[in-house]
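Visitor: Predicted model, plus sequence, below.
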Amino acid sequence: MAGKTDADNDRLSLKIAGPGDWWFHVRGMPGSHVVLKTADGQEPDRETLEQTAAIAAFHSKARSGGVVAVSGTLARYVTKPRGAKPGSVSIRKERVFKVRPALPDAG
């Protein structure tokens, strides 16, 4: 799931995402918050995490870039600072994925 507006990003990151879901956002520029829903206790494989990071890169201002850095963390480590504007969050325990912006193949 990817947010399209700042309000979408807030709702997705803070209300829809469960604590064990993965959260992604391109580093250092505007973009959608992307959430990978996971089954309880299931850890996605590295390929799935990288594909989801590529989706976050695609839904950002870095779409036309080459390799892009994307932050990923469990949604439980995503918080909203008091008084922060919509779409702004703080994260902890991030992993950085270096990916090319892309959407998954439809076939």
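Guide: Okay, I see it. Numbers count the residues shown, from 1 in each chain.
Visitor: residue contacts, the residue nearest the centre of the chain?
Guide: When Cα atoms, centre = their mean is applied to the chain, the residue found nearest the centroid is residue 24 (1.6 Å). Contact partners of residue 24, counting by Cβ atoms under 8 Å, 6 or more residues apart in numbering, are 33, 34, 35, 36, 52, 53, 55, 56, 70, 71, 72, 97. C-betas here are computed from N, CA, C, even on glycine.
Visitor: again with residue 40
Guide: By Cβ under 8 Å, 6+ apart, the neighbours of residue 40 are residue 20.
Visitor: Is residue 11 located within a helix, as I assumed?
Guide: Yes: assessed by DSSP: H, G, I helix; E, B strand; the rest coil, residue 11 belongs to a helix.
Visitor: surely it meets residue 3?
Guide: Yes: between residue 11 and residue 3 there is a contact at 7.3 Å, judged by Cβ atoms under 8 Å.
Visitor: Who has more neighbours out of those two?
Guide: The neighbour count for residue 11 versus residue 3, taken as other Cβ atoms under 10 Å, is higher for residue 3 (21 against 15).
Visitor: Could you double-check that that one sits in contact with residue 15?
Guide: No: contact criterion Cβ under 8 Å: residue 3 and residue 15 do not qualify, at 11.2 Å.
Visitor: Let me see the ranges of the strands in this structure.
Guide: Taking DSSP state E, the strands of the chain run over residues 22-26, 34-36, 68-74, 78-79, 90-91, 95-99.
Visitor: pretty sure residue 23 is touching residue 33, no?
Guide: Yes: applying Cβ under 8 Å, one finds residue 23 in contact with residue 33, separated by 6.5 Å.
Visitor: so what sits against both of those two?
Guide: Joint contacts of residue 23 and residue 33 (Cβ under 8 Å, 6+ apart) are residue 13.
Visitor: Any idea what residue 73 is bridged to?
Guide: Bridge pairing for residue 73 (DSSP bridges) gives the partners residue 23.
Visitor: ok now do it, which residues does it touch?
Guide: By Cβ under 8 Å, 6+ apart, the contact list for residue 73 reads 22, 23, 91, 92, 93, 94, 95.
Visitor: Roughly how far does it sit from residue 33?
Guide: 11 Å (Cβ to Cβ, to the nearest Å).
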